[in-house]
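1. fold the following for me, if possible:
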Amino acid sequence: MKELKTLLIDDLLKRVNASPFLFVVDYTGLKVDKFAELRKRLSVVGSEIHVFKNNLVKKAAEKAGYPGELGDHLTGQSAFVTGAKDVFGAAKILKNFQAEFEKPVMKVGVLDGNLLDTAAIKVLADLPSREVLLSQLLGMLQAPASALARVLKAKADKDGGPAEEAAPAAAAEEAAPAEAAAPAEQPAA
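-> Predicted structure coming up:
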């Protein structure tokens, strides 16, 4: 029995160490089909939900170096959400699922070794996706260059009026010497 617990703790420790986040939810009263639906939705963003004994999670969390306060929240029927990368997507799915079915109830989370309360998890859920954030960052980085280009274009348009009128005259002057240098055609005899 002790060997089985050790294996379960090691398995859980691998999951926890492979994930940058851990969310703890209370799934009391959640029907099996709804739990399966939640599992399916989480898998879309590369996350998983599992049920382990709270004591095993406490031991794995201690080994992983998680905050000690996490153990205070490991009571009752707890399920644990981990994932490979998309913490925002997992938080968003948990929040939306809770709004839709009133379960599961978020208890606590850990992100990069920091303890998160339910309010912080909801803030994560409200953040835009990674792609949206990257496009916003790109827009912010391009804004100064775009502004500079607009200023230069406006300056060129303002100063370009006389230069544009002078351009045909300059082209005519260039063409005149070329005509003078060309041999004149001789009339046919």
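
2. what segments of this structure are strands?
-> Under the criterion DSSP state E, the chain contains strands at 21-26, 47-51, 78-83, 105-111, 114-116.

3. buried residues in the longest one?
-> Of the residues in strand 105-111, those scored as buried under the neighbour-count criterion (16 or more other Cβ atoms under 10 Å) are M106, K107, V108, G109, V110, L111. All C-beta atoms are positioned from the backbone trio N, CA, C, and that covers glycine.

4. compare the strands of the chain and give me the one nearest T6.
-> Nearest to T6, of all those, is strand 47-51, at 17.5 Å by Cβ to Cβ.

5. so which bits of that closest one are buried?
-> Using 16+ other Cβ under 10 Å as the test for burial, strand 47-51 gives S47, I49.

6. what angle separates that strand from strand 78-83?
-> Interaxial angle, strand 47-51 versus strand 78-83 (axes from the mean of the first three to the mean of the last three Cα atoms, to 10 degrees): 160 degrees.

7. who touches strand 47-51?
-> Applying Cβ atoms under 8 Å, 6 or more residues apart in numbering, the contact partners of strand 47-51 are 15, 25, 27, 35, 38-39, 42, 77-84, 86, 89-90, 93.

8. tell me which two of the buried residues of strand 105-111 sit farthest apart.
-> It's K107 and L111 that sit farthest apart of the buried residues of strand 105-111, by Cβ to Cβ, at 14.2 Å.

9. got a pLDDT number for F80?
-> pLDDT recorded at F80 is 91.

10. what's the local residue count around it?
-> Using other Cβ atoms under 10 Å as the criterion, F80 is surrounded by 22 other residues.

11. doesn't A60 make contact with it?
-> No - look at F80 against A60 with Cβ atoms under 8 Å: they stay out of range, at 9.5 Å.

12. just to revisit the earlier point, list buried residues within the contacts of strand 47-51.
-> By 16+ other Cβ under 10 Å, the contacts of strand 47-51 give 15, 25, 27, 35, 38, 42, 78-83, 86, 89-90, 93 as buried.

13. from the residues you listed, which is closest to D72?
-> S78 (12.1 Å).

14. let me see the contact set for the closest one.
-> V24, V25, D26, Y27, V51, F52, N54, V57, K107.

15. mind redoing it with 7 Å?
-> Contact partners of S78, counting by Cβ atoms under 7 Å, 6 or more residues apart in numbering, are V24, D26, N54, K107.

16. let's see if you can find the most crowded of the residues you listed.
-> So for these (other Cβ under 10 Å), the most neighbours sit at V24, 23 neighbours.
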